[in-house]
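Participant: Take this sequence and fold it.
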Amino acid sequence: MGGPQPRSSLQEIVARAKEPPLRVLPAPPFMHGAAHWSAFSFWNVGGTVVVQTNPRHLDADDIWSTIERERVDVLTIVGDAFGRPLLDQLERKSYDLSSLKLLTSGGAILTAALKQQFLERLPALRILDALGSSESGAQAAQFSDGGGKATTGDFAVAPGSLVLREDLSGVLPAGTGERGWLAREGIIPLGYYKDEEKTRKTFPVIGSKRYVVPGDRATIEADGTMRLLGRDSVTINTGGEKVFAEEVEQALKHHPCVYDAVVVGTPHERFGQQVTAVVRLRTGATVSPDELRRAAGEHLAHYKLPRSFVFVDEIVRSPSGKADYRWARERATKELGV
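Facilitator: The predicted structure is shown next:
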């Protein structure tokens, strides 16, 4: 496809390490695929895996204290759900984090606003967004550092990764502006155990070639970079237009009063579905729905803006930090009475 071809995240880390062995702290709880990926990768190159005192939940002070004490080189987290409390802890207490060279995030979106805050707090840090899945392996990467402005969703694709047309008729050329499916070719799994239907859907054969399609929507820019749009399973269809939940969540999180947000589709008499935002504000913060709409409107087309807001004290996520969209949809429909 052309465009920049990233080195693997592990190659990049090893190349930049001042002296082996590397010391990595995977994100808690130690059950997410990203944590296992990091652990086994570093073990294979002779690195040391460091586990914080209490690995059952995220304790920001415990994590930063462990990094300070053990002189950890690399910290692996899962998106904003881990990034926000870690940043908040740096507001409350100072740590010697001079050993930390790289922050890696996978499994959920780490928004540009939070990346920028990490880089401002730790100017020597590099941030790696790693994109992939259990079925496809590593597919794309994005590095951010203090020398440039952090972004979200723009990736250099790894060899073997590509975007297939929406109808799965072939590979999507670069620069068309069309939306397709993020996919991978080459060495891929045989399928799901005793689930032929899911295997056919996730591992389609096009022509004589077999691909893996985990379910992410993407486009390929003219320069060959890949723009991640979001998961198809949480896409909202409003008035015939598709809105990617993650895109709206990112836009809302630019507002300083927003601590966390999950966006879902709720029933609408005219449009079928409407965009609804379930929002947790920062402690003591107050903001109106109109103000949040205006802030999000600086990054989104008008039809993508939330029509309704539901404010909550806590947003339910899985222990690994991934959003619970089923809970958010049920809570929103109950609050809105639809």
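
Participant: start to end distance for stretch 198-216?
Facilitator: From its first residue to its last, stretch 198-216 covers 16 Å (Cα to Cα, to the nearest Å).

Participant: contacts for that stretch?
Facilitator: 131, 133, 135-136, 164, 168-170, 181-185, 188-192, 228-233 (Cβ atoms under 8 Å, 6 or more residues apart in numbering). Backbone N, C-alpha and C define where each C-beta goes, glycine included.

Participant: Do a quick rundown of the helices in this structure.
Facilitator: 9-16, 33-44, 60-70, 79-92, 112-121, 196-202, 245-252, 289-297, 325-336 (DSSP state H).

Participant: So which of those helices is the most surrounded?
Facilitator: Per-stretch averages of neighbours, counted by mean count of other Cβ atoms under 10 Å, single out helix 245-252 among the helices of the chain, with a mean of 24.

Participant: relative to helix 289-297, how tilted is it?
Facilitator: 110 degrees (axes from the mean of the first three to the mean of the last three Cα atoms, to 10 degrees).

Participant: could you say what helices and strands helix 245-252 packs with?
Facilitator: strand 226-231, strand 258-268, strand 272-281, helix 289-297 (3 or more Cβ pairs under 8 Å, 6 or more residues apart in numbering; DSSP states H and E).

Participant: I'd like those as JSON lines, with mean pLDDT and distance to Gly47 appended.
Facilitator: Listed next are these as JSON lines, based on pLDDT from 0 to 100; distance: least, Cβ to Cβ, whole Å:
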{"stretch": "strand 226-231", "mean pLDDT": "91", "distance to Gly47": "28"}
{"stretch": "strand 258-268", "mean pLDDT": "96", "distance to Gly47": "32"}
{"stretch": "strand 272-281", "mean pLDDT": "97", "distance to Gly47": "36"}
{"stretch": "helix 289-297", "mean pLDDT": "97", "distance to Gly47": "41"}
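
Participant: Nearest the middle, which residue of the protein would you pick?
Facilitator: Against the mean C-alpha coordinate of the chain, by Cα atoms, centre = their mean, the closest residue is Ile109 at 2.1 Å.

Participant: I'd assumed Ala251 was in contact with that residue.
Facilitator: No - with contact defined as Cβ atoms under 8 Å, Ile109 does not count as touching Ala251 (11.7 Å).

Participant: And the residue nearest to Ala174 when sequence neighbours are not counted, how far from Val275?
Facilitator: In space, and not counting its chain neighbours, Ala174 is closest to Ile220: 4.4 Å by Cβ to Cβ, 6 or more residues apart in numbering. Ile220 sits at a distance of 26 Å from Val275 (criterion: Cβ to Cβ, to the nearest Å).

Participant: same thing with Ser208?
Facilitator: Ser208 is 41 Å from Val275, by Cβ to Cβ.

Participant: between these two, which one's more packed in?
Facilitator: Neighbour totals were compared for Ser208 and Val275, and Val275 leads with 24 against 5 (other Cβ atoms under 10 Å).

Participant: Could you give the bridge partners of the more buried one?
Facilitator: Taking DSSP bridges as the rule, Val275 bridges to Gly265.

Participant: That one and Gly265 touch, don't they?
Facilitator: Yes - Val275 is in contact with Gly265 according to Cβ under 8 Å; the separation is 6.8 Å.

Participant: Quickly list what's touching both of those two.
Facilitator: Ile236, Thr238, Val243.

Participant: out of those residues, which are inside strands?
Facilitator: Ile236, Thr238, Val243 (DSSP state E).

Participant: Reformat those as JSON lines; add distance to Ala261 and neighbour count.
Facilitator: Listed next are these as JSON lines, based on distance: Cβ to Cβ, whole Å; neighbours: other Cβ atoms under 10 Å:
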{"residue": "Ile236", "distance to Ala261": "14", "neighbour count": "23"}
{"residue": "Thr238", "distance to Ala261": "17", "neighbour count": "19"}
{"residue": "Val243", "distance to Ala261": "14", "neighbour count": "24"}
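
Participant: Show me the shaky parts of this structure.
Facilitator: For the chain, the stretches flagged by pLDDT under 70 are 1-21, 27-33.

Participant: Domain ranges for it, per the record?
Facilitator: 9-152, 161-231, 239-336 (automatic domain parsing).

Participant: can you give me the end-to-end distance of the shortest one?
Facilitator: End-to-end distance for domain 161-231: 17 Å, by Cα to Cα.
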